[in-house]
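Novice: 3D model of this:
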Amino acid sequence: MIDSDYAGRYWHFTPDGRMQCDLCPRDCKLHDGQRGACFVRMRRGDRMLLTTYGRSSGFCVDPIEKKPLNQFYPGTSVLSFGTAGCNLACKFCQNWDISKSRDMDRLADQATPAAIAAAARAAGCKSVAFTYNDPVIFAEYALDVAAACHDQDVRTVAVTAGYIGAEARREFFARMDAANVDLKAFSDEFYFKLCGARLQPVLDTLIYLKQETDVWLEITTLLIPGKNDSDAELTAQCEWIMRELGPDVPLHFSAFHPDFKMTDIAATPASTLKHARAIARAAGLHYVYTGNVHDTDGGTTYCPRCDEALIVRDWYRILRYRVDEQGCCTECGAALGGRYAKFSGQFGPRRIPIRMRAAV
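Specialist: Numbers count the residues shown, from 1 in each chain. Next comes the predicted model:
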């Protein structure tokens with residue numbers, strides 16, 4: 001059964017008697033009855049409660065490329081779900097109806113970790129993704145689900161902004177097989193003014209993932225016209241990735257559309273994404289993609305040695321696949337970054353909602 005009074009971790013008492021949440025760099029300090037900035041972590045007496053444990057805004061089977069992860073078992077399906085709330089305050093949030101929700105009644109679907117793992121297996125999913133809102137804020141639930149998934153030989157994926165404290169980061173990513181981290185911009189001013197956060201903790205997470213874990217890492221930057229798309233900022237970002245993470249971490253440039261508190265800015269032109277991709281490739285990055293626009297070239301995985309088009313994508317449909325099950329180019333034998341298995345077909349661009357209530 002679902003524990004509706006689940007005790008969360010990652011906190012300590014301050015000298016003045018408040019309870020400090022140590023899950024993320026916000027360090028929220030709570031009096032009895034108060035909630036953190038994420039809204040879902042709450043102090044009740046001497047306990048920190050995770051109020052969304054076992055509750056979701058919905059479950060859906062997606063193509064793995066939608067996360068986006070282009071080099072983590074390409075063509076496979078992933079069972080995706082999220083809860084509510086967020087520890088960032090992005091004015092441009094594209095999922096604000098979920099991440100900014102204060103209505104717990106939206107969390108209509110309930111499921112135990114074991115039920116989610118079983119549902120993923122039954123649906124033929126290679127992995128389960130914690131997504132829609134940031135899984136950092138429901139870390140305990142995600143960790144329990146991940147353990148159940150691994151028991152069923154199902155992989156786990158975190159789609160996150162990477163805004164997490166050091167202790168929680170170690171434990172959280174120890175149970176993740178892949179992560180797509182949103183690098184919102186390469187400017188602390190952008191993070192502070194538009195996200196209510198700071199850049200450095202996100203960079204720390206990226207370095208940690210690449211240098212201290214075996215988690216497969218991809219990065220996404222949502223390009224917002226006039227906010228984070230200058231040549232100088234994009235060049236600095238790509239040079240940092242090249243220097244600190246290396247050339248084999250895939251980078252996705254995604255198109256913004258007007259939403260939430262930023263409806264006065266036009267959608268990102270496809271030309272901006274293509275230009276950003278050219279800057280990244282010129283900096284030496286091997287795998288650079290475009291998203292939220294129709295761009296077959298920007299969705300294609302090229303061999304870093306012979307430049308052969310190995311995985312050609314049209315949106316979420318794979319038109320050509322020339323990678324062996326060891327993850328090597330079938331033309332020249334070069335090893336690609338990523339995780340691969342024998343390619344025996346693809347899930348395609350479908351999106352299949354799943355109701356979990358009966359599986360509680």
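
Novice: And the next helix or strand past the helix or strand of the chain with the lowest mean pLDDT?
Specialist: Every helix and strand in the chain was compared by mean pLDDT, DSSP states H and E; the lowest is helix 96-99, with a mean of 56. Using DSSP states H and E, the next helix or strand after helix 96-99 towards the C-terminus is strand 109-110.

Novice: Give me the residues contacting the very next helix or strand once past that next one.
Specialist: Counting by DSSP H and E, the element after strand 109-110 in chain order, helix or strand, is helix 113-122. Identification of contacts with helix 113-122 by Cβ atoms under 8 Å, 6 or more residues apart in numbering yields 59, 79, 81, 111, 127-128, 141, 144-145, 147-149, 151-154, 354, 356, 359-360. (Glycine included, C-beta is placed from N, CA and C.)

Novice: Give me the ChimeraX select line for these, limited to the buried ones.
Specialist: A single ChimeraX command selects the buried members of the contacts of helix 113-122 (16 or more other Cβ atoms under 10 Å):
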select :59,79,81,111,127,128,141,144,145,148,149,154,354,356,359
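
Novice: which one is residue 36 nearest to, not counting chain neighbours?
Specialist: residue 28 (3.8 Å; Cβ to Cβ, 6 or more residues apart in numbering).

Novice: Quickly list the domain ranges of the chain.
Specialist: Domain assignment of the chain by automatic domain parsing yields the ranges 11-50, 56-294+341-359.

Novice: and the shortest one, how far apart are its ends?
Specialist: Between the opening and closing residues of domain 11-50 we find a distance of 12 Å, counting by Cα to Cα, to the nearest Å.

Novice: Go through that domain and flag the buried ones.
Specialist: For domain 11-50, burial by neighbour count (16+ other Cβ under 10 Å) applies to 11, 19-26, 28-30, 35-43, 48-50.

Novice: Partner strands of the lengthiest strand in the chain and their direction?
Specialist: Secondary structure of the chain read by DSSP state E shows that its longest strand is strand 216-223. Partners of strand 216-223 in the sheet, by DSSP bridges, are strand 178-182 (parallel), strand 251-255 (parallel).

Novice: Give me the angle between whichever helix or strand comes after it and strand 251-255.
Specialist: For strand 216-223, the following helix or strand on the C-terminal side (DSSP H and E) is helix 231-244. Taking axes from the mean of the first three to the mean of the last three Cα atoms, to 10 degrees, one finds helix 231-244 and strand 251-255 inclined to each other by 150 degrees.
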